[in-house]
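Asker: I would like to see how this sequence folds:
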Amino acid sequence: MAKQKADTVKKPKASKKGVTEVGVSGGIEIPKFNPYSHIDAEIDSMEKKFKLSSMAIDKDEPRFSTGLLSLDVALAGGMLGGGWYTCFGGEQSCKSTTAMTILSSIMSQKDFVGKAAYFDYEGSSQADYIENIMGAMGVQDDVDKVFGIRDDQTGEWVVKPRVRYYAPDTGEKFFHYLAKMGKLLPDKVRMGDQWYFVYDNNKVNQKALKGLYDKKYFSKTNRYRVPAPDGTIQAVILTDSYPAMLPGIADEKEEGDKSLALQARMFSDGLKRVKGMMRSKRIVVLGVNQLRKVPMAMYGPSETEPCGDALKFYSDVRLRMSSVSIPHGKGVVEEEDSVVADGKDSYRYIKIRTHKNKLGGVPNQTITMRLVIENGEGDATGFCHVWDSYQYLKITGQVGGTRKKIKFLSGFTVVKRDKRTKKDTEHTVEFKSPMEGKTLDWMQFKTLIEGDKSEIRELCADLGMKKPIIFRNFLRQQVNSGKGYQYVIDHKRAANSSASKKEKDGEEFDADDDE
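Answerer: From the prediction side, this is the model:
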C-alpha cells in the first residue's frame with residue numbers, strides 16, 4: 001500500500017457543523033469539531049427573546065460639560081451619560097452649588113431636549129440663588145419659566161417646566177420616579193457611527209413609530225430602532241440631599257424605635273433597582289451627601305458618610321468638597337475690584353478632589369475653585385469663571401508666569417516613547433490660541449473673561465488684536481473637542497520628562513565633579 005503524503009491530501013471543507021482542519025497526524029490532516037460554532041445563532045435567538053442587545057463599548061462616547069473647565073478636564077473631558085455623580089463634604093463646602101452648576105450647564109446646552117428633575121429633600125433651595133447660577137451658566141429663562149407655571153384654577157401648565165421641582169416626603173419616591181423614567185425612555189445606543197433610539201415591541205410604540213423604524217433590525221431583535229441625532233443625555237436628575245431622604249417605613253415606627261440601617265437598606269434596594277439601566281437610557285444622577293465627624297473616634301477614620309456603603313459603591317464619580325483658605329494669601333475671604341460694577345467682589349475658595357472616578361480621568365485629582373460670595377452688584381453667582389479659566393490654563397500649560405503677569409504660551413514639546421521601537425520621539429503641542437504671545441495682568445484677564453462687550457473690545461484693541469474674542473467660549477471649545485484633556489496629559493508628560501532630564505543631568509554632573 002502506497003504511503004500517503006500530507007501535502008497531497010485534499011483538505012476537507014469546513015462544514016456548517018463546525019468541522020475544521022487543525023493539523024497533520026500520521027501524514028493525514030485530521031478535522032476537529034468546534035462545539036461552539038452553532039451557539040451564536042442560539043445566542044441571537046436568546047437576545048431576541050429576552051430583549052437583550054449586544055453592543056461594543058464606545059471609547060469615543062460623547063461627554064458633557066460640567067460648566068467648570070477645570071472639573072471637566074479632571075473628568076477626562078466632562079460627564080458621561082448613565083453616570084451617578086455624588087458631591088460630598090462638610091458644611092459650607094459648596095456641594096449643592098456644584099450640583100446645581102452642573103445641572104444648569106446641561107440645561108444651557110442647545111442640543112439638550114431631554115427631561116430634568118430636582119428633588120429638594122432638604123427644602124433649602126432659594127429661587128434667587130438658583131436663578132443667579134443658571135444665568136451665569138448661560139440659561140436665559142428666569143426661574144419661573146425654568147420650573148414651570150401652573151394655572152391657579154385648573155392646575156394645568158401655562159408654561160411647561162424645563163426642570164420639574166419636587167419636595168417629596170419619603171426617599172422611595174425618588175427611586176420610584178427614576179425607575180419609571182427608565183421604563184418610559186427608550187434605550188439610546190451607538191451602533192457603528194450612528195446613534196439610535198431602541199424601543200420595545202408593544203402596541204403604543206408600534207403605533208407611534210409606524211414607518212419610522214428599521215424593519216430588518218426589528219425582524220432580527222423584535223425591537224424598534226429609530227435613528228437619533230446624537231448621543232446626548234435623555235434625563236438628568238438632581239437630589240439634595242441623600243441624608244434627608246427618609247425611608248417611608250420610618251414614619252410607621254413608634255417614636256424612639258432605633259431600628260438599624262433603615263436608610264442604608266433603602267439605598268441598597270433602590271440602587272440595585274435602577275443603576276443597571278441608566279447607561280442604556282443615558283440618565284445622569286447628581287446627588288449630594290454629607291460628611292460627618294465620628295464621635296470619640298480613636299481608631300480608623302474620623303469622618304463618615306451617612307446612607308450606607310452601597311451608595312459609595314454604586315456611585316461612578318465621587319467628588320469630595322472642602323473649604324480652604326486663600327491659596328495665594330492669608331485668611332478665608334478674599335476681596336478684589338469688580339469689573340461688573342463699581343465696588344468689590346468677595347470670594348472664598350473650595351477644593352474639589354475626584355475621590356472616585358470610574359468614568360475616565362485619573363482618580364484623586366485636586367482642583368481649586370473660587371466661589372463668588374458677593375459681586376459688585378451684590379449677587380452671589382456661584383463659581384467664579386475668571387479663576388476657573390485661569391486654573392484651566394495653568395493645568396493645561398497654556399500660560400506661565402504669575403497672577404500679576406500672565407504670559408500666554410504658544411505650546412510645548414512632549415517626549416513620547418514608541419511602544420514597538422522603544423525609541424523616544426519629540427512631539428510639539430501647539431495651542432493656536434488667539435492670545436498667544438500676550439501678557440496680561442490680573443484685572444485685564446478678569447475683564448477678558450467676564451467684562452461686557454465694550455470692555456472686551458477695548459481690551460483686545462489695546463492688545464493689538466484685530467478682532468475681539470469671547471475667550472471663555474474659545475476655552476469651552478477646547479474642552480468639548482477633547483483637546484483640553486489631551487493638553488493636561490501632554491503637559492504632565494512634558495513636565496515629567498523635563499524633571500527626569502534635569503535629574504539625569506544633575507547626576508552626570510555630580511559624577512564628573514567627583515572625578
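Asker: wait, residue 250 touches residue 262, no?
Answerer: Yes. Residue 250 is within contact range of residue 262, at 5.6 Å (criterion: C-beta atoms under 8 Å). Using the backbone N, CA and C atoms, a C-beta is placed for each residue, glycine as well.
Asker: pick out whichever of those two has more residues nearby.
Answerer: Per other C-beta atoms under 10 Å, whichever of residue 250 and residue 262 has more neighbours is residue 262, with 17 against 14.
Asker: can you give me the pLDDT of that one?
Answerer: pLDDT for residue 262: 89.
Asker: now do the contacts for the nearest residue to it once chain neighbours are set aside.
Answerer: Once flanking residues are discounted, residue 262 sits nearest to residue 247: 4.8 Å by C-beta to C-beta, 6 or more residues apart in numbering. If you count contacts by C-beta atoms under 8 Å, 6 or more residues apart in numbering, residue 247 has them with 170, 171, 172, 262, 263, 265, 266.
Asker: in helices, which of those appear?
Answerer: Of the contacts of residue 247, the ones assigned to helices by DSSP state H are 172, 262, 263, 265, 266.
Asker: would you turn those into TSV with distance to residue 363?
Answerer: Output for those, formatted as TSV (distance: C-beta to C-beta, whole Å):
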residue	distance to residue 363
172	32
262	31
263	27
265	28
266	28
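Asker: any of those residues buried? List them.
Answerer: 172, 262, 263, 266 (16 or more other C-beta atoms under 10 Å).
Asker: state the pLDDT value of the last one.
Answerer: Looking back up the chat, that one is residue 266. Residue 266 is assigned a pLDDT of 94 by the prediction.
Asker: surely it meets residue 171?
Answerer: Yes. Counting by C-beta under 8 Å, residue 266 touches residue 171, with 5.4 Å between them.
Asker: what segments of the stretch 1-150 of the chain are strands?
Answerer: Taking DSSP state E, counting those that start in this stretch as the criterion, the stretch 1-150 of the chain carries its strands at 19-25, 28-33, 63-64, 79-80, 84-89, 115-120, 149-150.
Asker: comparing those by mean pLDDT, which bottoms out?
Answerer: strand 19-25 (a mean of 53).
Asker: domain parsing for this structure?
Answerer: Domains of the chain are assigned by automatic domain parsing as 6-47, 68-185+234-248+261-383, 411-514.
Asker: tell me which of these is the most buried.
Answerer: Of these, the one with the most neighbours on average (mean count of other C-beta atoms under 10 Å) is domain 68-185+234-248+261-383, at a mean of 18.
Asker: ends of it, how far apart?
Answerer: 8 Å (C-alpha to C-alpha, to the nearest Å).
Asker: next: stretch 140-154.
Answerer: Stretch 140-154 end-to-end distance (C-alpha to C-alpha) = 28 Å.
Asker: what sits up against that stretch?
Answerer: Counting by C-beta under 8 Å, 6+ apart, 107, 118, 127-128, 130-131, 134, 139, 156-165 sit against stretch 140-154.
Asker: go with 6 Å
Answerer: By C-beta atoms under 6 Å, 6 or more residues apart in numbering, the surrounding residues in contact with stretch 140-154 are 127, 130, 131, 157, 158, 159, 160, 161, 162, 163, 165.
Asker: and stretch 374-394, by the same measure?
Answerer: 68-70, 97, 101, 132-133, 136, 338, 340-341, 343, 345-346, 369-372, 399, 446, 449-450, 472, 475.
Asker: one more pass at 7 Å, please.
Answerer: Stretch 374-394 has contacts (C-beta atoms under 7 Å, 6 or more residues apart in numbering) with 68-70, 73, 97, 101, 129, 132-133, 136, 338, 340-347, 367-373, 399, 445-446, 449-450, 472, 475.
Asker: distance of residue 355 relative to residue 349?
Answerer: Look at residue 355 and residue 349: by C-beta to C-beta, to the nearest Å, they are 18 Å apart.
Asker: remind me which residues of the stretch 151-300 of the chain are low pLDDT?
Answerer: 251-260 (pLDDT under 70).
Asker: the residue nearest to residue 262 and residue 288, how far apart?
Answerer: 18 Å.
Asker: same question for residue 304.
Answerer: Separation of residue 304 from residue 288 (C-beta to C-beta): 16 Å.
Asker: can you check residue 268 too?
Answerer: 19 Å.
Asker: just residue 458 next, same as before
Answerer: Residue 458 is 42 Å from residue 288, by C-beta to C-beta.
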